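>>> using only what follows, build the 3D model:
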Amino acid sequence: MITLNNLTVSYGGTSIIEDVSFMIGTKDKIGLVGKNGAGKTTLLKIIAKEIDNYSGNLVIPKDTRIGYLPQEKLLNSKKTVYEEAYTAFDEILEIDENINNCIAQLQDREDYQSSSYISLTEDLENLNNQRNILGGESNEADIEKILKGLGFQQEELHKKVNTFSGGWQMRVELAKVLLKKPDIVLLDEPTNHLDIESIQWVESFLSSFPGIVIIVSHDRAFLDNVTRRTIEIVFKKIEDYKSSYSNYVLLRKEKMQHQIAKHTNQQKELAQIEEFITRFRYKNTKAKQVKSKIKYLDRIDKVEIEKFDTSSINFVFPPAPRSGKIIVEAEDVAKSFGEKEVFSACSFGIQKDDKIAFIGQNGRGKTTLSRMIVGELEHEGMLKCGHNVKIGYYAQNETDLLDSEKTVFQVLDDIAVGDIRKQLRNILGSFLFSEDDIDKKVKVLSGGEKSRLAIAKLLLEPVNLLILDEPTNHLDMQSKDILKNALLHYDGTLIIVSHDRDFLQGLTERIFEFKNGNIKQFTGDINGFLETKKLQNFSSYEIAKEQEKKQKKENAGKIKWQNKKEIESSIRKLQNKIKQLEKDVEKNEQEVEEIDIKLSGTHDDVDFENTGKERHQKNLLINNAMEEWDVCHKELGKKENELKKLMNNE
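Below is the predicted model:
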């Protein structure tokens with residue numbers, strides 16, 4: 001259990017979080033969301049005990065283990081991936097060292113009965129117990145399982161960490177967090193460094209994680225699949241809902257509608273009361289009523305409408321210029337960097353109005369092919385753009401390419417030509433840059449602000465081929481939705497490199513999968529592609545058939561089990577029925593014998609006529625019971641044979 005009481009955080013005299021209090025349960029899976037700069041990362045760092053410049057109280061139980069993954073952290077480690085991952089077990093490594101020390105001391109001693117010797121053996125036993133509790137025996141298996149789940153190949157485990165890109169180094173950091181088996185996992189934008197398959201693996205891991213998980217992410221699908229509680233930081237306060245992000249958005253909307261209706265009704269009531277007070281304030285005959293209504297106004301709890309931050313970028317792409325039918329044509333295209341082959345002998349065509357997603361693990365060639373189409377990289381084979389193709393390109397590192405010394409306005413003004421220059425302030429305004437903001441230098445902008453500025457550059461010239469490489473990095477949920485809506489209405493050809501499933505869903509109609517040096521094409525959207533991948537990832541077609549046969553067998557087994565239960569139930573019912581009929585026959589036969597004794601006696605008071613009728617009725621009951629008994633026995637025989645056959649076929 002974590003408790004935060006009256007938490008306030010300020011920077012430079014300006015508070016970003018004010019008087020916030022809430023509790024976190026031992027198994028809570030929380031999505032921490034909000035606009036860029038709202039304080040999400042700050043709150044994570046406070047819980048991770050990375051910073052302490054706040055007022056209020058943070059209560060975390062003693063000995064709680066915390067695993068924290070920041071947004072960015074360049075390792076530059078000279079260790080191999082496997083060796084670096086093993087440093088996650090620092091406690092176990094320390095215990096191993098102490099165990100070796102104990103063993104070394106015991107080997108040199110023969111005073112087996114001394115208290116110091118016994119104390120050493122007890123220390124050794126305690127250390128071994130601690131090691132077992134921390135899972136020391138499964139370290140190597142855990143390392144391989146988690147690193148491979150995050151996308152590392154077997155041969156890559158023994159390469160130096162500093163030979164990998166920053167994104168892959170962050171995967172090593174994530175692996176270390178998960179390997180520590182902490183009580184609390186804190187993740188700040190973890191999906192920025194993962195491909196779709198790795199994201200799905202992490203989702204599965206975190207969903208079954210037994211402790212607390214708190215995630216800062218702009219990946220709606222990731223949050224929905226992992227979290228069951230959403231805390232949004234908005235206007236320095238929090239909104240706390242016990243639901244996934246998507247449900248939270250709906251619940252928040254409903255709450256707002258309810259509040260607005262309640263507020264509107266109350267305002268009407270207050271207006272009527274105030275009108276009454278104003279009208280009759282000075283009339284003696286109404287003095288008592290006026291006084292009563294004034295007291296009512298003093299006591300009433302005013303309904304306040306919660307203010308949510310609804311600002312978001314708002315724009316549309318310029319109409320695409322006319323082009324030929326063929327946008328990009330490639331034949332036997334290959335690309336290598338030194339000895340590393342990215343892909344080879346790839347052929348494909350991209351036609352006018354195609355909407356394509358580039359999918360695959362990081363480092364498999366998505367960005368490389370994008371840069372080749374733009375003309376930034378040389379290659380082997382034929383790759384050319386069609387007639388009158390005009391390209392707009394958003395690079396994955398586009399924000400790093402912005403001149404940090406230029407102002408926001410200068411970034412656009414330096415490349416804008418013609419009439420569009422008159423619209424620069426309006427364009428910047430639609431991307432949330434106010435009159436004060438446009439004079440800020442790029443170097444003081446946040447990651448989200450830089451992303452918005454880089455996207456704004458794409459509006460300066462009409463293009464008919466948009467290539468966007470990870471455009472949603474650093475964008476908040478609302479800004480991503482606006483960008484997606486603008487792309488849905490874009491009338492040109494679109495290529496998107498992204499791992500954000502929610503963003504891609506409904507946006508593209510073709511998939512280029514980059515894998516094992518090849519580019520495989522798939523017709524359909526991202527959900528269809530992922531469903532297909534599930535089958536491919538499990539096995540080949542033959543194994544899939546085996547799975548189908550196994551499923552049929554299991555289904556047949558279930559049906560057989562159900563039939564067996566039904567037959568056994570019928571047999572029990574028939575057996576019980578037969579027993580009851582036998583009891584009924586025995587009872588009626590005894591009563592007939594008693595009647596016969598009566599009739600054979602010399603008692604004058606016996607009503608022979610009615611007693612004879614009673615005897616006849618009893619005999620009828622006996623005969624009917626015997627007939628029913630016979631039917632039940634025959635049915636029982638059939639059911640027993642059915643059960644025997646069913647058991648013999650197993």
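>>> only C-alpha atoms from now on, for both contacts and neighbour counts.
Fine.
>>> residue contacts, residue 365?
By C-alpha atoms under 8 Å, 6 or more residues apart in numbering, the contact set of residue 365 is 342, 343, 514.
>>> who are the packing partners of the helix or strand containing residue 250?
For residue 250, the host element (DSSP states H and E) is helix 245-280. If contacts are counted by 3 or more C-alpha pairs under 8 Å, 6 or more residues apart in numbering; DSSP states H and E, helix 245-280 sits against helix 220-226, strand 229-234, helix 287-299.
>>> can you name the element that comes right after the worst-scoring helix or strand of the chain on mean pLDDT?
Each helix and strand of the chain was given a mean pLDDT (mean pLDDT, DSSP states H and E); the minimum falls on helix 526-538 at a mean of 75. Next along the chain after helix 526-538, taking DSSP H and E as the criterion, comes helix 541-600.
>>> the helix or strand following that following helix - contacts with which helices or strands?
Using DSSP H and E, the helix or strand that follows helix 541-600 towards the C-terminus is helix 608-648. Packed against helix 608-648 by the contact rule (3+ C-alpha pairs under 8 Å, 6+ apart) you find helix 541-600.
>>> who touches residue 333 in this structure?
Residue 333 neighbours (C-alpha under 8 Å, 6+ apart): 343, 344, 345, 346, 347, 379, 380, 381, 382, 383.
>>> contacts for the helix or strand hosting the last one, please.
What it means is residue 383. Assessed by DSSP H and E, residue 383 sits inside strand 380-385. By C-alpha under 8 Å, 6+ apart, the residues outside strand 380-385 that reach it are 326, 327, 328, 329, 330, 331, 332, 333, 334, 335, 345, 373.
>>> number of nearby residues for the nearest residue to the third one once chain neighbours are set aside?
The spatially closest residue to residue 328, leaving aside those adjacent along the chain, is residue 385, at 4.4 Å (C-alpha to C-alpha, 6 or more residues apart in numbering). Applying other C-alpha atoms under 10 Å, we find 20 residues neighbouring residue 385.
>>> what's the pLDDT at residue 385?
On the pLDDT scale, residue 385 is placed at 95.
>>> next: residue 191.
89.
>>> list the contacts of the spatially closest residue to it that is not a sequence neighbour.
Nearest residue to residue 191, sequence neighbours excluded (C-alpha to C-alpha, 6+ apart): residue 199, at 6.4 Å. Neighbouring residues of residue 199 by C-alpha under 8 Å, 6+ apart: 150, 191, 222.
>>> adjacent strands (with direction) for the strand holding residue 383?
Paired strands of strand 380-385, with direction, are strand 326-337 (antiparallel) (DSSP bridges).
>>> pull out the buried residues from the following helix or strand past the strand it pairs with.
Scanning forward in sequence from strand 326-337 by DSSP H and E, the next helix or strand is strand 340-351. Neighbour counts over strand 340-351 (16 or more other C-alpha atoms under 10 Å) mark 342, 343, 344, 345, 346, 347, 350 as buried.
>>> quick one: contacts of the helix or strand that strand 340-351 is followed by?
Next in sequence after strand 340-351, counting helices and strands by DSSP H and E, comes strand 355-360. Defining contact as C-alpha under 8 Å, 6+ apart, one finds that strand 355-360 is touched by 195-196, 366, 493-499, 504, 507-515.
>>> give me the buried entries from those residues.
Applying 16+ other C-alpha under 10 Å to the contacts of strand 355-360 flags 195-196, 366, 493-499, 504, 507-515 as buried.
>>> from the residues you listed, which land in strands?
Among those, the members found in strands (DSSP state E) are 493, 494, 495, 496, 497, 510, 511, 512, 513, 514, 515.
>>> touching, residue 372 and residue 379? I think so.
Yes. Here residue 372 reaches residue 379: they are 7.2 Å apart, a contact under C-alpha atoms under 8 Å.
>>> where in the stretch 201-350 of the chain is pLDDT low?
Applying pLDDT under 70 to the stretch 201-350 of the chain flags the ranges 304-313.
>>> any idea how far the closest residue to residue 52 other than its chain neighbours lies from residue 254?
Spatial nearest neighbour of residue 52, chain neighbours left out: residue 46 (6.4 Å); criterion: C-alpha to C-alpha, 6+ apart. Using C-alpha to C-alpha, to the nearest Å, residue 46 is found at 32 Å from residue 254.
>>> of those two, who's got more company?
Legend: neighbour count by other C-alpha under 10 Å for residue 46 and residue 254, higher for residue 46 (15 against 12).
>>> contacting residues for residue 379?
Counted by C-alpha under 8 Å, 6+ apart, residue 379 has contacts 333, 334, 335, 372.
>>> residues contacting residue 522?
Neighbours of residue 522 in contact, by C-alpha under 8 Å, 6+ apart: 510, 511, 512, 513, 529.
>>> is it in a helix, a strand, or coil?
strand (DSSP: H, G, I helix; E, B strand; the rest coil).
>>> need the pLDDT of it.
92.
>>> any regions of the stretch 1-150 of the chain where pLDDT drops low?
74, 133-137.
>>> stretch 479-490: which residues count as buried?
479, 480, 481, 482, 483, 484, 485, 487, 490.
>>> could those residues go into CSV alongside distance to residue 392?
As requested, the buried residues of stretch 479-490 are exported to CSV (distance: C-alpha to C-alpha, whole Å):
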residue, distance to residue 392
479, 20
480, 19
481, 20
482, 18
483, 15
484, 16
485, 18
487, 13
490, 12
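>>> return the member of those residues nearest to residue 472.
residue 480 (6.2 Å; C-alpha to C-alpha).
>>> surely the closest one is in contact with residue 503?
Yes. The pair residue 480 / residue 503 is scored as a contact, 7.3 Å apart, by C-alpha under 8 Å.
>>> identify the contacts common to these two.
By C-alpha under 8 Å, 6+ apart, no residue touches both residue 480 and residue 503.
>>> how many residues are close by the nearest residue to residue 352 once chain neighbours are set aside?
Distance criterion C-alpha to C-alpha, 6+ apart; nearest residue to residue 352, sequence neighbours excluded, is residue 325 at 5.1 Å. The tally of other residues near residue 325 (other C-alpha under 10 Å) stands at 13.
>>> can you check the one 4 residues further on too?
Burial of residue 329 is recorded as 16 neighbouring residues (other C-alpha under 10 Å).
>>> who's it bridged to?
residue 349, residue 384.
>>> and it, how far is that from residue 367?
From residue 329 to residue 367 the distance is 17 Å (C-alpha to C-alpha).
>>> next: residue 6.
In terms of C-alpha to C-alpha, residue 6 sits 46 Å off from residue 367.
>>> compare the two (neighbour count), which wins?
Neighbour totals were compared for residue 6 and residue 367, and residue 367 leads with 19 against 14 (other C-alpha under 10 Å).
>>> can you pull the pLDDT of the more buried one?
Reported pLDDT for residue 367: 92.
>>> now stretch 276-290: buried residues?
Neighbour-count burial for stretch 276-290 [16+ other C-alpha under 10 Å]: 277, 281, 290.
>>> what is the nearest of those residues to residue 586?
Nearest to residue 586 among those, with distances taken as C-alpha to C-alpha, is residue 290, at 91.9 Å.
>>> my guess is the closest one contacts residue 274. True?
No. Contact criterion C-alpha under 8 Å: residue 290 and residue 274 do not qualify, at 9.5 Å.
>>> contacting residues around residue 455?
Here residue 455 is in contact with 394, 471 (C-alpha under 8 Å, 6+ apart).
>>> in CSV, list the contacts of residue 365 along with distance to residue 238.
As requested, those are exported to CSV (distance: C-alpha to C-alpha, whole Å):
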residue, distance to residue 238
342, 46
343, 48
514, 41
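>>> is it true that residue 20 lies in a strand?
Yes. Assessed with three-state DSSP, residue 20 lies in a strand.
>>> pick out the residue closest to the middle of the protein.
Central residue of the chain (C-alpha atoms, centre = their mean): residue 225, 2.5 Å from the mean position.
>>> dump the residue contacts of it.
With the criterion set at C-alpha under 8 Å, 6+ apart, residue 225 makes contact with 203, 207.
>>> then residue 569?
Here residue 569 is in contact with no residue (C-alpha under 8 Å, 6+ apart).
>>> and the gap between it and residue 157?
Distance, residue 569 to residue 157, by C-alpha to C-alpha: 59 Å.
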